[in-house]
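Asks: Let me see the structure of the following:
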Amino acid sequence: MAIHQVRTIRKVVLSLIIGVALVLTALAALVARWPALALIILPILLLAFLLWRRGSTPVKVFLSHSGLDGDLAKAFGRQIKRELRERGLTSVVFNTSEPEHRFAELAARAKDRPIGADEVKAYERDLARYLKDHIYSSHLYFLLITRQSISANSQWVEGEILMAADRARQSIAVLFYPFVTDSSLLPLIPVRANRFNGVDLSDDAVVKKAFDDIASILNNHHVDVQASSP
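Replies: Purely as a prediction, here's the structure:
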């Protein structure tokens, strides 16, 4: 049975539980001689509500990439949402190439005044903390690898890889996937990322299997994520 079908059935069952509990609670409240019944049913209603609330958080994906690949990262972000939606999962993709996720540039902070070394260090600390917060609040870490990104060898991307690899080691429910734009890049996956299974974006079957596996893992480990509408 597909994951989105399981989630839909769970919602229907929980809806029935909540509905029955509400009816019985109302009846108990109307009939004063049944106060004990209300005391029994109210906890059941609360439990059903808490179970209903489970699955209220969208899957958060941290999409790590070189700034040189901004347009490609945006397109891949849309693909990620589509792939997860097809598997019954709602998602949010954190992508610093998108304006809403972009950290304020240092030049914008300075507003045409000279920038000192201390201010640069403070800015870099703030940016590192910003990225770490989003990595540690994500269910998935996707690393987009292209020939441009390998040539650029960004220290910021390297730092993200270190944080994400550490996070993935801490929790089996946090997944790390390197994605390459063609199979010739698989041997070039950065050292700290090559312990994780690389995915070739040019191979549709490989991509499909990767997202099937991701959805299955999220479901089997009961990660608190939101099911999309069927």
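
Asks: Show residues contacting stretch 187-194.
Replies: 143, 145, 150, 158, 161-162, 165, 176, 178, 180, 198 (Cβ atoms under 8 Å, 6 or more residues apart in numbering). C-beta here means a position set from N, CA and C on the backbone, and glycine is covered the same way.

Asks: Redo these as a markdown table? Include pLDDT and secondary structure.
Replies: Shown next, in a markdown table, are the contacts of stretch 187-194 (pLDDT from 0 to 100; DSSP: H, G, I helix; E, B strand; the rest coil):
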| residue | pLDDT | secondary structure |
| --- | --- | --- |
| 143 | 97 | strand |
| 145 | 97 | strand |
| 150 | 95 | helix |
| 158 | 95 | helix |
| 161 | 96 | helix |
| 162 | 94 | helix |
| 165 | 93 | helix |
| 176 | 96 | strand |
| 178 | 97 | strand |
| 180 | 98 | strand |
| 198 | 95 | coil |
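
Asks: ok, of those residues, which come out buried?
Replies: Buried members of the contacts of stretch 187-194, scored by 16 or more other Cβ atoms under 10 Å, are 143, 145, 161, 165, 176, 178, 180, 198.

Asks: what sits against the third one?
Replies: When contacts are counted by Cβ under 8 Å, 6+ apart, residue 161 touches 64, 143, 190, 192-193.

Asks: do the same with the last one
Replies: Residues near residue 198 by Cβ under 8 Å, 6+ apart: 145, 177-180, 186, 189.

Asks: The same query, at a cut-off of 7 Å, please.
Replies: Residues near residue 198 by Cβ atoms under 7 Å, 6 or more residues apart in numbering: 178, 180, 186, 189.

Asks: try the fourth one
Replies: Neighbouring residues of residue 165 by Cβ under 7 Å, 6+ apart: 176, 192-193.

Asks: would you list these in CSV and tack on distance to residue 99?
Replies: Shown next, in CSV, are the contacts of residue 165 (distance: Cβ to Cβ, whole Å):
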residue, distance to residue 99
176, 26
192, 29
193, 27
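
Asks: Which one of the residues you listed is nearest to residue 122?
Replies: Closest to residue 122 out of those is residue 192 (26.7 Å), distances taken as Cβ to Cβ.

Asks: How many residues are close by that closest one?
Replies: 14 (other Cβ atoms under 10 Å).

Asks: tell me which of the contacts of residue 161 is nearest to residue 78?
Replies: For these, the closest approach to residue 78 (Cβ to Cβ) belongs to residue 64, at 16.6 Å.

Asks: My read is that that closest one contacts residue 159, right?
Replies: No. Contact between residue 64 and residue 159 fails when scored by Cβ atoms under 7 Å: they sit 9.7 Å apart.

Asks: Could you check which of those two has the larger neighbour count?
Replies: A count of neighbours by other Cβ under 10 Å puts residue 64 above the other of residue 64 and residue 159, at 29 against 16.
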